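Visitor: sequence-free structure coming up:
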């Protein structure tokens, strides 16, 4: 069953490894989108700068969260973050999945969607998807959603929260130390990679399934 999620809704994850795929429609004037992840401790902040997985640091030192990179598919362009939920350190309670657009506002990004897959399955429909709509159109970075612990398991919550000061501003809000000489929102384009992604949505429309409400 594929859950069509609304902003603020959440779904339990009954899988050990999850693949979060950001997908958008390319075109003239459409900026490139990058996927990133922030691993947060009990205080809702990163424990160190190593808890930031992005294009300049594509793999967490634990080896449990990593960026697979970009892929061009018939349905659009994708960038992917994969997480071994079963192996994530116990001191990590949340993992934010973030999109940034090279300092360009998200009103120019078309059909942005996050899809969650069971990374251990070679085939199959997504577990859930969320169509991300910027609230003002002036956002240059978005928290698409979060993986978070609930009891002994994990859930995913759809967020779509925007930042107008880019990936750098978002990252510093969660405790990342950014050198002023770094150009976090103006980097070289990431080459496409050959790692296969799981199949995207089937051509037939997935009927929306009710997602769960806010966690209690």
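Guide: Cool, got the structure. Given the structure is predicted, the values throughout are model-derived calculations rather than measurements.

Visitor: contacts and neighbour counts: CA atoms only from here.
Guide: Noted.

Visitor: Phi, psi for residue 86 please.
Guide: Backbone geometry at residue 86, expressed as degrees, to the nearest 10, gives phi -70, psi -20.

Visitor: Which stretches in the chain count as helices?
Guide: Here the chain has its helices, by DSSP state H, at 166-173.

Visitor: All the strands of it, residue numbers only.
Guide: 3-5, 10-13, 17-25, 34-40, 52-53, 65-73, 76-84, 94-100, 110-118, 128-131, 141-150, 153-163 (DSSP state E).

Visitor: Looking at strand pairing, list the partners for the residue nearest the centre of the chain.
Guide: What sits nearest the mean C-alpha location of the chain, by CA atoms, centre = their mean, is residue 97, with 3.1 Å. In this structure, residue 97 bridges to residue 37, residue 145 when assessed by DSSP bridges.

Visitor: Quick one: end-to-end length of stretch 114-134, please.
Guide: Its first and final residues considered, stretch 114-134 spans 13 Å by CA to CA, to the nearest Å.

Visitor: my bad, should have said stretch 90-106
Guide: Using CA to CA, the gap from the first to the last residue of stretch 90-106 comes to 34 Å.

Visitor: in that stretch, what counts as buried?
Guide: Using 16 or more other CA atoms under 10 Å as the test for burial, stretch 90-106 gives 92-106.

Visitor: what's near enough to touch residue 35?
Guide: By CA atoms under 8 Å, 6 or more residues apart in numbering, the residues touching residue 35 are 22, 54, 67, 79-81, 97-100.

Visitor: for residue 100, that is, sorry about that
Guide: Counting by CA under 8 Å, 6+ apart, residue 100 makes contact with 33-36, 140-142, 166-167, 185.

Visitor: which one among these gets closest to residue 117?
Guide: Nearest to residue 117 among the contacts of residue 100: residue 35, at 15.5 Å, using CA to CA.

Visitor: do you know how far that closest one is from residue 153?
Guide: Separation of residue 35 from residue 153 (CA to CA): 24 Å.

Visitor: related to what we said a few turns ago, now the contacts of residue 100 in TSV, with distance to residue 9 and pLDDT?
Guide: What follows is the contacts of residue 100, written out as TSV (distance: CA to CA, whole Å; pLDDT from 0 to 100):
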residue	distance to residue 9	pLDDT
33	24	95
34	24	97
35	21	98
36	21	98
140	23	95
141	20	96
142	17	97
166	25	94
167	24	95
185	29	48
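
Visitor: Scan those and report the most crowded one.
Guide: Counting neighbours by other CA atoms under 10 Å, residue 141 leads the contacts of residue 100 with 32 neighbours.
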